[in-house]
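1. need coordinates for the below:
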Amino acid sequence: MPDERISENTINTGEYEMTFDEINTQKLGPQELGVVFSIPDAEDQTVTVTVVDREAPEITLVGEGPFSMDLQEVRDRKFDELYTVSDNCSAVGALEVRSYVQEETFDFGQTVTVQIHAKDSSGNEAEASFEIQINPDPEEEQKKQEEEKKQESSQKEQQDAASDTGDQTTRDEPVQQPTVQPFTPGQSPSVQTPVQQSRPKPANKQFLFSDGYNMNTAPSACSAELAASGYPGSCIPMQGSDGLYTGMQLIFD
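-> Numbers count the residues shown, from 1 in each chain. Okay, the predicted model is just below:
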């Protein structure tokens with residue numbers, strides 16, 4: 001009984017003590033042990049004990065997930081670097097270790113579950129499982145990256161083109177204003193005939209940006225002035241020596 005053991009290898013029955021040889025717990029199977037009795041003149045004896053392993057192997061993952069692998073590596077079951085197996089008695093080489101993918105079918109980009117089964121020489125078994133994310137198809141991934149680069153390049157070209165168009169509108173393209181000519185009453189609007197004026201022709205006039213006009217107000221003011229004069233004429237953009245527009249000029253015919 002447990003309460004009869006007074007040391008690691010000595011038992012006290014109440015009437016006498018029995019001291020056994022040390023048991024080698026790392027050696028499985030039967031062992032013969034000598035027994036010494038505390039009774040005077042008692043003959044020493046031998047007993048046979050059997051060491052049995054009841055502990056299952058231990059499966060340990062290497063690092064923390066999630067794990068990722070190429071599709072062919074999963075198909076070839078190259079999982080050895082992802083886990084280790086140890087046992088209290090059996091050597092690693094004596095362990096039966098089996099690994100397999102739980103899913104019957106799998107492909108690029110999918111997640112699979114890997115099952116690990118280990119068995120020692122005494123028949124104790126252990127199981128473990130972990131997930132692996134299969135990497136995307138490299139060819140498809142390359143096509144996707146190339147397509148993204150094309151889209152980024154196209155967007156940049158559109159932005160550059162829009163920027164260039166804006167610069168040309170404000171700096172390079174002349175603002176064209178229609179020539180305003182009065183019409184004789186009763187005639188078709190498509191026939192432009194100068195109206196005889198009783199007052200003298202007005203002097204030409206400039207609508208300069210330096211006087212407060214801009215690309216919108218200068219053409220409008222010039223056209224309004226021409227229409228109010230009753231004389232035929234033209235509104236012509238003005239440019240400086242640097243090519244920049246400086247305003248509009250009203251010139252009467």
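2. where's Gln133, which helix or strand?
-> Assigned by DSSP states H and E, Gln133 falls within strand 125-134.
3. that strand: which residues count as buried?
-> Ala126, Ala128, Phe130, Ile132, Ile134 (16 or more other Cβ atoms under 10 Å). (Each C-beta comes from the backbone N, C-alpha and C, glycine too.)
4. likewise for stretch 11-23?
-> Quick answer for stretch 11-23 (16+ other Cβ under 10 Å): Glu17, Met18, Phe20.
5. what would it look like as PDB? C-alpha coordinates only.
-> C-alpha atoms of stretch 11-23 as PDB (Å, rounded to 0.1, in the frame of the first residue of the first chain):
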ATOM      1  CA  ILE A  11       8.500  -0.800   2.200                       C
ATOM      2  CA  ASN A  12       7.500  -1.200   5.900                       C
ATOM      3  CA  THR A  13       4.800  -3.900   6.400                       C
ATOM      4  CA  GLY A  14       4.600  -3.200  10.200                       C
ATOM      5  CA  GLU A  15       6.400  -6.400  11.000                       C
ATOM      6  CA  TYR A  16       9.500  -6.000   8.900                       C
ATOM      7  CA  GLU A  17      11.000  -3.900   6.000                       C
ATOM      8  CA  MET A  18      11.800  -4.800   2.500                       C
ATOM      9  CA  THR A  19      14.400  -2.900   0.500                       C
ATOM     10  CA  PHE A  20      14.400  -3.300  -3.300                       C
ATOM     11  CA  ASP A  21      17.100  -2.600  -5.800                       C
ATOM     12  CA  GLU A  22      16.600   0.600  -7.800                       C
ATOM     13  CA  ILE A  23      14.200   0.400 -10.800                       C
END
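6. give me the contacts around that stretch.
-> If you take Cβ atoms under 8 Å, 6 or more residues apart in numbering as the criterion, stretch 11-23 is touched by 4-6, 8-10, 31, 33-39, 42, 47, 49, 51.
7. just the ones of these in helices?
-> Taking DSSP state H as the definition of helices, the contacts of stretch 11-23 contribute nothing to them.
8. mind checking which of those are buried?
-> Gln31, Val35.
9. in strands only, show me the contacts of stretch 11-23.
-> Members of the contacts of stretch 11-23 lying in strands (criterion: DSSP state E): Thr10, Gln31, Leu33, Gly34, Val35, Val36, Phe37, Val47, Val49, Val51.
10. where's the first one relative to Ile39, distance?
-> Pointing back at Thr10 there. From Thr10 across to Ile39, the span is 14 Å (Cβ to Cβ, to the nearest Å).
11. before we move on, what about the last one?
-> If you measure Val51 against Ile39 using Cβ to Cβ, the figure is 28 Å.
12. what about Glu146, neighbour count?
-> If you count neighbours by other Cβ atoms under 10 Å, Glu146 ends up with 10.
13. what's near enough to touch Val51?
-> Taking Cβ under 8 Å, 6+ apart as the test, what Val51 contacts is Ile23, Asn24, Thr25, Lys27, Leu28, Gly29, Gln31.
14. let me fix that, I meant to ask about Tyr100.
-> Arg77, Val114, Gln115.
15. bridging residues for it?
-> Gln115 (DSSP bridges).
16. where does the stretch 151-253 of the chain have low pLDDT?
-> Under the criterion pLDDT under 70, the flagged ranges of the stretch 151-253 of the chain are 164-198.
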